[in-house]
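Undergrad: A predicted structure for the sequence below; I have some questions about it.
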Amino acid sequence: MIIKALTTNYAIAYAVKACDVDVISAYPITPQTTIVEKLDEFIEKGELDAKMVRVESEHSAMATCIGGAAAGVRAYTATSSHGLFYMYEMLWWAAGARLPIVMGVVMRALAPPWTIWTEYADLLALRDSGWLIFMAENAQEVLDLTIQAFKIAENEEVLLPVMIGWDAFIASHTAEPVDVPDQEIIDKFLPPRTSGAYFIDGSEIVSIGNLAYPDVYMEFRYSMYRSIETARDVIGKVGREYGEKVGRDYSMLFEDYKCEDAKYVFVSLGSMCGDIKDAVDYLRDRGEKVGLCRIRTIRPFPGKEISRILEDKKGVIVLERDISMGHGGIIATDLAASLYLNGINVPLIAYTAGLGGREVNMDSIIEIYSLSKLKLEKRERTWFTWYGVKKEVM
């Protein structure tokens, strides 16, 4: 193994190179562009034997990946924010065609007003599309999840595309030490692609995405739903195998950070969780029994598994960088439904914070905990609260 100082964007480029991807297609957009620039550099230097297809839009980038994956090769792309939305139509085609494409999404807020900083609305808008969706905390996890994503997507019981999200700038352009596994280890873990619903090789006429009448369409969706449910076990098995080879276990769909004896548990996701862990450590040093449940997979959502962690707690604090207008936090909604379905009656307080890249630091998290604890001790439930809004400018 080699330790390199890499930004998260460069870390994913190293992961894609290690996976011996055959087709890469993308359109530049801040803050994603450095990923495909690095991959293009690998190709030009002869370090990666892949075809870089330069296109005029993100819509065409995903269409190119669909063509490559349908022909039986490994395909990769990356995008962000409005670029993800520009390829939105083709994302549904990729999932419905059961193509094991892997995509990186540098999560960035949507305009107007124009912004380039982080928020999770772009990634979370795809939660019903049929893609498996992971969210990473840091550069190491982005690299590890990308390598695993190809094996998960290509599993014959799954055969669905996978997207991995990470925070714009907070993660994407921040350099940190990253353990890059030896190529021999990756080659044993991820053999050449051999599986697929079909391969187009020119030997016969094939039609993809033809008209489905009402008597068969629903079965296609049901098949996708079953595959995502099956993916729960596949993700665990692949993550366990990867851990055995590199020493970092990914057998869980979430991370349990000091939750076992906790009375109160934060539930969150993304780079914010690094600050939450620091806050948890700080609060524990002062006698507070608090933990963090960090969600790693958005789809499939680990609701049943997380419910088991939370069933004996005094309260849950959900903290997320997103908002479903007219309702509340997206992750809080999924979690509340899961708790209800699993018969868990624990008070929950949900916060939306940090939209558009606004800072949420350790001090912020400690304040949120203090405010929440007062309410949770009284068994109060606050479905949704904005944290950090400047009231004087409203």
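TA: Received it, and whenever you're ready, just let me know what you need.
Undergrad: rest of the way, CA atoms for contacts and neighbours
TA: Noted.
Undergrad: just checking, Arg108 touches Thr118?
TA: Yes. Taking CA atoms under 8 Å as the definition, Arg108 is a contact partner of Thr118 at 4.1 Å.
Undergrad: Quick one: the helices in the stretch 51-200 of the chain, in order.
TA: 58-70, 81-86, 88-96, 121-124, 139-154, 183-189 (DSSP state H, counting those that start in this stretch).
Undergrad: rewinding a little: show me the common contact partners of Arg108 and Thr118, please.
TA: Shared contacts of Arg108 and Thr118 (CA atoms under 8 Å, 6 or more residues apart in numbering): Asp167, Ala168, Gly356.
Undergrad: ok, what's across the strand from Ala5?
TA: Residues in a beta bridge with Ala5, per DSSP bridges, are Pro177.
Undergrad: Which elements pack onto whatever helix or strand Glu229 lives in?
TA: Assigned by DSSP states H and E, Glu229 belongs to helix 214-246. The elements that helix 214-246 packs onto, with contact taken as 3 or more CA pairs under 8 Å, 6 or more residues apart in numbering; DSSP states H and E, are helix 88-96, helix 139-154, helix 183-189.
Undergrad: got the CA coordinates for the second one in CSV?
TA: Translated: helix 139-154. Provided in CSV are the C-alpha atoms of helix 139-154 (Å, rounded to 0.1, in the frame of the first residue of the first chain):
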residue,chain,number,x,y,z
ALA,A,139,-11.0,11.1,0.5
GLN,A,140,-10.1,7.7,1.8
GLU,A,141,-13.7,6.6,1.8
VAL,A,142,-14.3,8.0,-1.7
LEU,A,143,-11.4,5.9,-3.0
ASP,A,144,-12.5,2.8,-1.2
LEU,A,145,-16.2,3.1,-2.1
THR,A,146,-15.4,3.7,-5.8
ILE,A,147,-13.4,0.5,-6.0
GLN,A,148,-16.2,-1.4,-4.3
ALA,A,149,-18.9,0.2,-6.4
PHE,A,150,-17.8,-1.5,-9.6
LYS,A,151,-17.9,-4.9,-7.9
ILE,A,152,-21.3,-4.2,-6.4
ALA,A,153,-22.8,-2.8,-9.6
GLU,A,154,-21.5,-5.7,-11.7
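Undergrad: ok and that helix relative to helix 214-246, angle-wise?
TA: Angle of helix 139-154 versus helix 214-246, following axes from the mean of the first three to the mean of the last three CA atoms, to 10 degrees, is 130 degrees.
Undergrad: ok now helix 139-154, how far from the chain's centre?
TA: 10 Å (CA atoms, centre = their mean, to the nearest Å).
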